[in-house]
Every structure is written in structure tokens, then in C-alpha cells.
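Trainee: What follows is a protein structure lacking sequence information:
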């Protein structure tokens, strides 16, 4: 596959298996101790999930009864999940989250990759300045923009539309930087040959560069998608109408006429967590690698 | 793109022979065109939704602009002078710095410790990564729901555990002295996986020979960690600390969701104050001014970062 | 670049297809979902209705909406519930300013001055209302007066919900303070109130009065303002001028409240939940509370009656607010939907007897004057409170769940707790209010 030709030394693993074998032999006692400590912590880290799950599987009465218990008096039940799904909001919000996150990811990928390619490969006047401005913009914290952006969306009459959710979320300057660095590593010869055969820039970009960049594109996509899926502040400001909310905003904003119901609260939270957890189980390696590659470039 | 296509063919034979001056300038003209054409989509969004709001926000901060559209006259720096005398703004800023301090330390130290432990060659690496990183994939709302429930005074898991240890119940989110710590605990649980992964990656990038040489010199595990791993992690740590500080300063979600800034404003962050000044209090102009004060603070920290890293490399 | 895993970074073909499929799938799905333009567009005959009522009130409200929907199949009212207080009011303002707000919403009448002048609300058309059988004379004078702002009607009150006093009839009987009619004997002075409370305390062995206020500015303000207005004192807030208040009266009220919180008559530091539990468990004879706690007490099975807070300082007065229907400003609204909204609100007003079951006093007089309402006990016993209700001082920043009540809590809670002098707490509160009054009015 094309990707293998790309694995430059910087991208190559560091003989990890060897490391493990090495230290295994040396310090068994401290390794056992470390395993114990890490196991205890890992279990502690799972407690919130476990407690939420147990609560969600209780009846409301059991969830609100003292003393609290891991095993409900009247047995486990899926009532809370059923009620939450019936009320209709969670499926709508999930679709909203899915759609807006996918749109944000797609647009981000297209516009970031093409600008990154231009900066990496094409000699055009002003490109150093362009790169400088993009890198400098990393420092702008999104909360600083909420007030003027709201006003802008208001005057464009876009508040409470999907446009308001999507458009301001597609600028990811750090990702441009990450992509540019990757493109820099692709051997130029591949393109020059095509260029000589008369291929246009766009064709070279789409048929040679992008396929070679699949791993980094995947990493960027994952990073952007997770960020968009979980973003709260801007969607919270851009939308009010219940049928337009994303999952995190809907869960926070829309209340039940019945008042607080603990089992249903936890059931909703778990249903909201589910899609990304499933995605994580499928793409665990890519996600972890993607975070490690793109993470330091800035969140 | 049609213009780009038409200009392409004449340049084709050029590389074959020594490029003539005319071909060269043609090529650079074509490159200019292509370069900006490829940059245009990003640039359009960039100008529309980043540069323009930065400018309009700055202008707005000099006006009395209201959410209702009323009162939009130019008032000079009045918003800024009001903000600098606004005890609520200072308090929110203080809360934000306090949160940043007490969240950054555990988020860096615990992440490093976890990564170092896991890197000792534990079996089932994926399992540890899964446990510590999976909370990072949750939306803030989900995390807040989980923790608000565990912090519940009567029905919560935390007070139940305290009771089992014979400790009187704590009003986690309702006690001004405790609420911020409660938020930090939830935040550490939520986001530590990110720093953990970065540290793990950095640790695994340290060349094995370093350790081999050290163990030939008879250095034990602890000595190896402090004399090799830690110095090697220096640059990573600087980056993680800076990213963490910048991320913590922006805190809003989990605080707003768990305490709404309460009790009595004890956990209100500066971003929440921006939100409230603008949308609850309608004062968009004033809120824009506070946004810029906040931005100034971020810039200062970024400059300090540049200064520190320059000094280190010098 | 850093590597975590030992395998080179690369997706399998299957994963890539899956990922791409998810992305493409959700995009097409979204496109069909957004329809044209992707704006928040309620379906043709849907009326979007926002309110902030949950728990007992929320369930009642839901039942009333269901009934209206069943009676009028030509449109469908879709309620959305947001969290009471600042979250609700902030979102309502944002939605109105954003241009696609719900067609109708509930708002506390005292909050209207923060919304109407800024153009966030549309005024009610009285002619159209009359067509659906709702006329100005159907409302009590104080409520009708409150529904107007600058000469236009911006809010239509569903109810008034005053701050009242519940009393435990059994405890009162034992203490000898129950009248022959089964109602609490009249109390008309501060000292008499202290006396009666102490009598009640002797019976319960715990407290005479339950009053929870910790961390709840609204609750502190409700009692304070009731007593303040009983002195006949005014409280005027005009932007650009310091607040016009009677400082001596205010301090007197605060000191009186503090004298109740002596751990005998009432606990010094009680929160709302504790107070309700105490009264429900017959741990006290009196409870200062909003009428909305009535259903809780009925469910608890405690024998109780209700009255307005006794007139201790000469002028009968009760703090109250109203849940009112308002029309968030619409850029354009088609005529059928507009009529639907009016019909919905008219039906809700006419059906407000069931709202009265939740404790609130219906604003719609034909309901209050009905036999059915007279039979509702103890609701009917405090129906006259509607004639003595006092809304928050008028200003853009006052009203239920507003910053104003938050400022009160910040400065006065320590007075209630006995940590600060009444005069100091009051002066600090006034200083805060005057700062707000000095700021430009953003509405």
C-alpha cells in the first residue's frame, strides 16, 4: 500500500516490543506493584460509568431511595431507557449531532487540506504571510468570539439554523499546520512526474497527494469530529429551538416537565455517550494515534 | 479552475529545456493563481468567521450595543474602564485562575505518573488506555450529569462512601469552599486521558539505549525515571503545561452545567461572565470588552510561553 | 510527531469504508432532515410553547396542554421545558433576539419590563382576544394593571402565586390559636406573631415556624418584600437615579425577620427543603412558602390550612408574581397560527381551574368566581390575596429568578444568619442596586 512508502523515520515505531521484553526481565517486583496501582486506578476510573449504568437500570423509586445501593430492591429494568427514547428528543438530537459533526468534519478536511497543500507545495506570493497568520490565529480562544459571532449570525438571520451551528466551527488552524507538515514529507518526485505528464494541480492533489495522506486525514477527521460532537459553548449559543439542538446542548437545556428523574437522567447521559464509545471501540488505534499526532499541535 | 487549466499547457515543455525567463514568469504567475485558488475556501471561512468577528468584536466593545439592538452608540473606552472596576469580573477572573491552578497541577502530575506506570511494561496496554482515555470522548454534559449525580447530597455515591468511612456528608456543589474542588475532580476524571496519551507517546519515543546505558551503570528504576525519562520529557511537559493552562483558562461547560457558577458566584468563570453579561444582562458591548480583556490575558500567557521556551533553548 | 502504537499509522480498508460511510450517511440524512435552508421551522400547524414549570406544576401544565390539543385538533401545541430562572430567561431573550423564537411562552409578569421595551415581545391584540372570549374585565385590577407596559398589553396572566402562610390545624388547635371557624385566629402585630409562634413551638417541641432561605435569594426577598409593603413603604427603581426606598422600614423588616430566626421560633439556618420537610412532619406550626407547595403538603397528609401572611404592620400586602403568557417577537407569523396561539391561551385561561389545584390563584375571574373554585380548600381561603398582591419593583433587572434577587441574597443572607447587622446588609444591597441603576439601561 502507498502508505508504507510514506513511513519516514519520524513516523516509525521505536521497537516497543523490545522495550517491554527488556524491562520485564529486570524489575518484576516493581512491575507487579505498578500493575496493581494502575489496576486500582483503572477501576476507580470506571466507577462513574458503572454507577451511571446501574442507576439507569433502576426504577425511579429505587434510584431515589436511601440508603443507596448497587442492587435495586425491585430489580433491574430498562424502563428509564424506554421512556427516554419514547420522549423523542434523544434520537433527534443524536441525528443533529451526527449531521453537524459530519458536515463540520467534511468541510474542515476539504478546506484545510487544500490550503495546507498550497502552502506546502505551491510557490505563491504571500504564502509565508498566510501561514504566519494561520499559525498566529491558533492563539485566539473560541470563547472570545461568541459575542461577535452571535451578533453576526443574528444579522445574517441564521440563529437557530444548522448553518449557524456548522459554519463557524470549520476553522481549525492547528489542523492546517499538522497537514502541511505531513505534506512536506511526501516526496516531491511523485508530483513532478505527474506535472510533466500534464496533470493539473487539482488532479495531482486529489489523485496523488490525498490518497498518500490517508492516515493524517483520518487523524484530523477523528480529532475534528470528536471536538464537534462534544462542543458545547457555541451550539448552546447558536440554537434555542429544541428540534435543532445537538446532544450535549439538548441534554443540558431541555428539562422534563416531571422534574428531575435520576434514572432517566443517567439513561439519557449513557445514550448520549454511546455513539462515540462505539466509534472508539471500532477505531481505537486510529483515535489514540490521531490524538497523539495532532494533540500537541493544539486543541 | 478553468483559468488554471488553460494556463497549464504552455508551461509543460519548460522543464525539459532550461526554463526561459518568459516561461519562468508565466510559471510564477500560474503558481500565484493556483496558490490562492487552493487557499481561497479556507481563507473565505477564515475571514468570515474568525477575522471579521475579531474586528467587529473590538468595535462592539467600544459601544453600548445591547442584545435587543437598543443603545448602540459609540462610548469609547467606557466599557473597559467599567470592567476594570467591576468586582464581579475580577472575581470571575480570580475563580478562573484558581481553577486553572488547581486543575493543571493534577492533570499534569497524575497524567505523568500514570503514563510512567503504564510504560513500565505492563500487560494489556490497550486496557489501560481504554480506561483512562475513554472519558475524554464524553461530552461535557454527560460528564456533568455523571458527577452531579455522584455529588448528590443524599443519594450520591461520594457521600455514601464518606459515610462508610464515618465521615460526615459534604455539600459538594453547594458549599462555596468545596464546589471548585468538586468541579476539578470531575475535570481530572474527564480530561486526564489526553495528557496521559501524550506522555505515553513521549515516553515511548525515548531511545532505549539511554536506559540500557543507565542500567549498565547500575541505576535502578527510580533513578532511571528521574535521570533519563524526566529530563527527556522536558519539552513535552512544557507543551502539555501550556496547552493545559490555555485549556483551563477557557473553562465554562462543566462549571455552568454542574453549578451554574454558584453557589453565590463561587465557581463562576470568566467565560461564564462573558456569557452572562452578554446574554443574561443583554450588554453585548460590555461583554465584548470583557472578552478582549480575557484575550489580553491569554496573549500575555502565550508571550510568557514564547519567552520561557526561548530561554530554555538558548 | 509522536507515536503511541507500534503499528504504522494506517487504517484498514474496511475501517476506512466504514468511516467514510458513516460520514456520507449522516450528511445525506442531515440534508433530508434540514429540508430547505435548514432553519428552525415548526411544522405547519405546530405551535411552539416554552415554559419553565416542572414537578407538580409541570405535570399540571402538561395535562392542560394535552386537553387543549385534544379539543382543538387543527393545531398542535408542542411544549418545551427549560430550567427555571436565569437559564430560561436567558434562552428566551436569545431566541427572541435570534429571530426564530417560540410562538408563545410563559413569563413571570414581573420580568416583562426586561423584555417588552427592547422589542423582544409582541403586544397582545385585545380585539382578537375578545373574539376568543377573553376581555380585560375578566382579570382582577392589580393583575390587569401588571399585564400592561407603556400602555400595551404584553402579558396575559394565567395566575397569581403569592407568598403565603400555611398552618398546621392540629398543632394550632392544641396551642389554642385556632378560631372557631377552623382557621388560624387573626394576628395583627409583630409581638402577637412572636407570641403565637412560641405557643406553637411549645406544642411541637421543635419549632413554631418553618422558613427556609439559605442560598435562595427569591425566598428571602419574598418575605422581606411582603413585610416591607405592609408598612405602606414604596420601592421605586428608576434608571439613572439612586433607588427610592425607606431605609428605616427596610431595616425594621430585616430585624423582625432576624428575630424570628432564633432557633426556637424558627431555625437560624434552614434551606427550602428542610423547611418543607419540617412542616410536613408536623415539626412546626407555620410555614412561610409560595402557594405552589400546596400539593406537596396534601401529598404529605399533614392537616393544614392556608392564609395570606398576617398583616403585622398595618397595610395588607402579599408578595406575588404571575405566570403569564407572552408573545416572543416574530419577524412574521401566518394568520392561522396567530389565531391558534390566541385560541390556545384563551382555552388555557378558561381551563385554569385545574391550574388552581396546584395552589395558584387563577387570574381569570370567571374561574375564581365559580362554585367549583369555592369548593377548593384551602385554595379558596386565600383567593382574596389577589387583591393585595405586590409585584417586584419595576425595572429591567427585577422579577422572579432575576439578578435582583441574587443581589439581595448576596448582601442579606448574612443578616438572616445573624452574622451582619441589618443596616450594613441593607446598605450593601442598596449600593449594589444603585450601581446597576447607574449603568446604561440595555433594554
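Mentor: Yes, it's here. Just so you know, these numbers come straight off a predicted model, no measurement behind them.
Trainee: For the closest residue to residue C:389 other than its chain neighbours, list the residues it contacts.
Mentor: Of all residues not flanking residue C:389 in the chain, residue C:320 sits nearest, at 3.7 Å (C-beta to C-beta, 6 or more residues apart in numbering or on different chains). For glycine as for every other residue, the C-beta is placed from the backbone atoms N, C-alpha and C. Neighbour list for residue C:320: C:160, C:161, C:162, C:163, C:385, C:386, C:389, C:390, C:391 [criterion: C-beta atoms under 8 Å, 6 or more residues apart in numbering or on different chains].
Trainee: Tell me if residue C:320 really is in a strand.
Mentor: Yes: under DSSP: H, G, I helix; E, B strand; the rest coil, residue C:320 falls within a strand.
Trainee: okay, it: pLDDT?
Mentor: As predicted, residue C:320 sits at a pLDDT of 95.
Trainee: Output the residue of the stretch 51-200 of chain A whose distance to chain B is smallest.
Mentor: residue A:124 (2.5 Å; C-beta to the nearest C-beta).
Trainee: Please identify, among the contacts of residue C:320, the one with the most neighbours.
Mentor: Sorting the contacts of residue C:320 by how many neighbours each has (other C-beta atoms under 10 Å in any protein chain shown) puts residue C:160 first, at 28 neighbours.
Trainee: Assumed that one was part of a strand.
Mentor: Yes: according to three-state DSSP, residue C:160 belongs to a strand.
Trainee: Confirm for me that it is in contact with residue C:386.
Mentor: Yes: using C-beta atoms under 8 Å, residue C:160 makes contact with residue C:386 at a distance of 5.2 Å.
Trainee: Name the residues contacting each of these two.
Mentor: By C-beta under 8 Å, 6+ apart, residue C:160 and residue C:386 have these common neighbours: C:140, C:142, C:143, C:320, C:361, C:363.
Trainee: where's residue 279, which helix or strand?
Mentor: Picking chain A for this. Per DSSP states H and E, residue A:279 falls inside helix A:262-282.
Trainee: Can you look at chain C instead?
Mentor: Residue C:279 belongs to helix C:272-280 when assigned by DSSP H and E.
Trainee: before we move on, back to that, what residue, apart from its backbone neighbours, is nearest the residue of the stretch 51-200 of chain A closest to chain B spatially?
Mentor: Nearest in space to residue A:124, with sequence neighbours left out and distances taken as C-beta to C-beta, 6+ apart, is residue B:35 at 2.5 Å.
Trainee: Beyond the lengthiest helix in chain B, next helix or strand please.
Mentor: Ordering each helix of chain B by length in residues (DSSP state H) puts helix B:87-118 first. For helix B:87-118, the following helix or strand on the C-terminal side (DSSP H and E) is helix B:125-133.
Trainee: Can you give me the buried ones in that next one?
Mentor: B:125, B:128, B:129, B:130, B:131, B:132, B:133 (16 or more other C-beta atoms under 10 Å in any protein chain shown).
Trainee: same deal with stretch C:239-249?
Mentor: Of the residues in stretch C:239-249, C:243, C:245, C:249 count as buried by neighbour count, 16+ other C-beta under 10 Å.
Trainee: The first one: what's it in contact with?
Mentor: Spelled out, that is residue C:243. Counted by C-beta under 8 Å, 6+ apart, residue C:243 has contacts C:235, C:236, C:237, C:430, C:433, C:434, C:437.
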